[in-house]
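# Prediction below, plus the sequence it came from.
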Amino acid sequence: KQEVTQIPAALSVPEGENLVLNCSFTDSAIYNLQWFRQDPGKGLTSLLLIQSSQREQTSGRLNASLDKSSGRSTLYIAASQPGDSATYLCAVRVIGGGNKLTFGTGTQLKVEL
Amino acid sequence: EAGVVQSPRYKIIEKKQPVAFWCNPISGHNTLYWYLQNLGQGPELLIRYENEEAVDDSQLPKDRFSAERLKGVDSTLKIQPAELGDSAVYLCASSLGHTEGETQYFGPGTRLLVL
């Protein structure tokens, strides 16, 4: 059974700091890995999707890496802003899983002024 | 283009009462998913539909939960009777249904509180 773990569970940083969120998964037979953002009381917004054949994806100040063999992904946020405050979830799609997403428990990020 | 629409956004009921959630997926999306998200946890899949067929309902507690997608578009998720432990956010998502590994688009969720 695929298990996804995210560390840390919560993080508080001052504005402008660069930060790294970690995600690990137990089964490397994945189609892809996706990072989502969830604001309080709202649904999930897709940030980056990395295919299993890719090593990283970038969008603006966000960079996600994937090391499938070791079962790890990182989300790097550059020059953090208060508007980045949210919960960040990673999720994997297991091959043969019918497009089912298996999520981690999330990292709750707070960027302070 | 409208995203995934869910209603109601919030629902408060007493235990043992029935409750229903509605989802309208993105137009043209054949696959529809219902996820359950407990506080402080990631979403977990309850059921997945390909058009009107439920192709994965292994995580759906069938003693009290039911779902339907009669015409392969809108879907309803029902709980009867609700229990205190059902308090959570119920998320609906949809995808095109063309390829495995394709992106899912999530609705805002229905936040349920059972008293």
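Done, it's in. Numbers count the residues shown, from 1 in each chain, chains lettered A, B, ... in the order given.
# got the contact list for the residue nearest in space to the middle of chain B?
Ranked by distance to the mean C-alpha position of chain B (CA atoms, centre = their mean), the top residue is B:Trp34 at 3.0 Å. In this structure, B:Trp34 makes contact with B:Cys23, B:Leu45, B:Leu46, B:Ile47, B:Arg48, B:Ala67, B:Ser75, B:Leu77, B:Tyr90, B:Leu91, B:Cys92, judged by CB atoms under 8 Å, 6 or more residues apart in numbering or on different chains. C-betas here are computed from N, CA, C, even on glycine.
# what would these look like in CSV with pLDDT, neighbour count and secondary structure?
Formatted as CSV, the contacts of B:Trp34 follow (pLDDT from 0 to 100; neighbours: other CB atoms under 10 Å in any protein chain shown; DSSP: H, G, I helix; E, B strand; the rest coil):
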residue, pLDDT, neighbour count, secondary structure
B:Cys23, 98, 26, strand
B:Leu45, 94, 23, strand
B:Leu46, 96, 21, strand
B:Ile47, 96, 22, strand
B:Arg48, 94, 24, strand
B:Ala67, 97, 20, strand
B:Ser75, 98, 25, strand
B:Leu77, 98, 23, strand
B:Tyr90, 97, 23, strand
B:Leu91, 97, 27, strand
B:Cys92, 97, 28, strand
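# can you list the residues you listed in a markdown table and add distance to chain A?
Listed next are the contacts of B:Trp34 as a markdown table, based on distance: CB to the nearest CB, whole Å:
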| residue | distance to chain A |
| --- | --- |
| B:Cys23 | 11 |
| B:Leu45 | 5 |
| B:Leu46 | 11 |
| B:Ile47 | 11 |
| B:Arg48 | 6 |
| B:Ala67 | 16 |
| B:Ser75 | 16 |
| B:Leu77 | 15 |
| B:Tyr90 | 11 |
| B:Leu91 | 6 |
| B:Cys92 | 9 |
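# which of those lies closest to A:Leu47?
Proximity of the contacts of B:Trp34 to A:Leu47, judged by CB to CB, is greatest for B:Leu91, which lies at 16.6 Å.
# so the closest one sits right up against B:Gly42, yeah?
No - with contact defined as CB atoms under 8 Å, B:Leu91 does not reach B:Gly42; the gap is 10.5 Å.
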